[in-house]
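Q: Sequence and predicted structure are below.
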Amino acid sequence: MLDKTRGIVLHTVAYSDKMSIAQLYTERFGRASYLLPQSQNRRSRLLRPLFSPFSFLEIDSERQAGQDIFRIREARQVEVWNHLRTDPVKNAVTLFLAEMLTRLFREPEANPTFFDFLVQSIRLFDMMEEGKANFHLWFLFRLTAFLGFFPNTEHYEEGRFFDMMEGVFVALPPTHPHSLSPHEAAIFARLMRMNSHNLGHFRFNRDERCAILEQINRYYRLHQPDLPEIRSLEIMHELFE
């Protein structure tokens, strides 16, 4: 059976001496796995460079009944990102976010709205210069809406705590330990004012940026308790030192 879909590359991993498996988030199938040949013939050599993290591809593929791995017939770039590979900050952020998405989206369930958000976000990031150091914070915050635990921002006032279990700002500290102090909550609340057009207007020092990323990581782990360790998280901390 032949299938065609567009997809964003998330990750590739060696499967055998002759094959790797590429994980993509696709428009039609959600997360999908593709066999990527590792031979030295011309077709394989041309195919492999296309499958770097966040590449935007259209793929013709086939799979047999009962199998959940697609075999690639043809792959081509839909859009070429000009700066994600050459800009050190953008390259590090790309690898970090691709790893996060690989860990978070594990099921073959299509979500066209999320796919559109992902493509538009990457397109924006590729073109962005001012505010690029804030992109991953904004993206992870917005991503919670698709995962079902977007914070309720209606009741934020200065001096309030943030209850990370319930995802709300509260006047009194919760009885459980999973909350942010008023000072931490105030920094966290600044994310709510971010949108795709004003990222360059927000200034965070190194300590604030690291603290926000740790807070987001804690928030994700409370709501996605089986989330594996994100190996590139430490690289993100080092990047903005």
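A: Done, it's in.

Q: can you pull the contacts of the residue nearest to the spatial centre of the chain?
A: Central residue of the chain (Cα atoms, centre = their mean): L97, 3.6 Å from the mean position. Contacts were defined as Cβ atoms under 8 Å, 6 or more residues apart in numbering; by that measure L97 touches F54, H136, F139, L140. For glycine as for every other residue, the C-beta is placed from the backbone atoms N, C-alpha and C.

Q: any chance of these in a markdown table, with pLDDT and distance to N82 too?
A: Conversion of the contacts of L97 to a markdown table gives the following (pLDDT from 0 to 100; distance: Cβ to Cβ, whole Å):
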| residue | pLDDT | distance to N82 |
| --- | --- | --- |
| F54 | 97 | 12 |
| H136 | 93 | 19 |
| F139 | 95 | 19 |
| L140 | 95 | 24 |
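
Q: Under the pLDDT cut-off, which ranges of the protein? List them.
A: The chain contains residues with pLDDT under 70 at 1, 39-45, 64-66, 240-241.

Q: The longest strand belonging to it - contacts with which helices or strands?
A: As assigned by DSSP state E, the longest strand anywhere in the chain is strand 2-14. Secondary structure elements in contact with strand 2-14, counted by 3 or more Cβ pairs under 8 Å, 6 or more residues apart in numbering; DSSP states H and E, are strand 19-26, strand 30-37, strand 56-62, strand 69-79, helix 88-104, helix 112-127.

Q: Identify each buried residue in the first one, please.
A: In other words, strand 19-26. Neighbour counts using 16 or more other Cβ atoms under 10 Å place S20, I21, A22, Q23, L24, Y25, T26 of strand 19-26 among the buried residues.

Q: so who does the residue lying closest to Y25 once chain neighbours are set aside touch?
A: Excluding the flanking residues, the one nearest Y25 by Cβ to Cβ, 6 or more residues apart in numbering is I8, at 5.0 Å. Counting by Cβ under 8 Å, 6+ apart, I8 touches L24, Y25, T26, F54, S55, F56, L57, F115, L118, V119, I122.

Q: Quick check: the residue nearest to the centre of the chain vs L137, distance?
A: Here the distance between L97 and L137 works out to 11 Å (Cβ to Cβ, to the nearest Å).

Q: just E62 next, same as before
A: Using Cβ to Cβ, E62 is found at 40 Å from L137.

Q: Those two: who's more crowded?
A: Summary of the neighbour comparison: E62 and L137, criterion other Cβ atoms under 10 Å, with L137 having more neighbours (22 against 12).

Q: show me the contacts for that one.
A: L191, M194, R209, I212, L213, I216.
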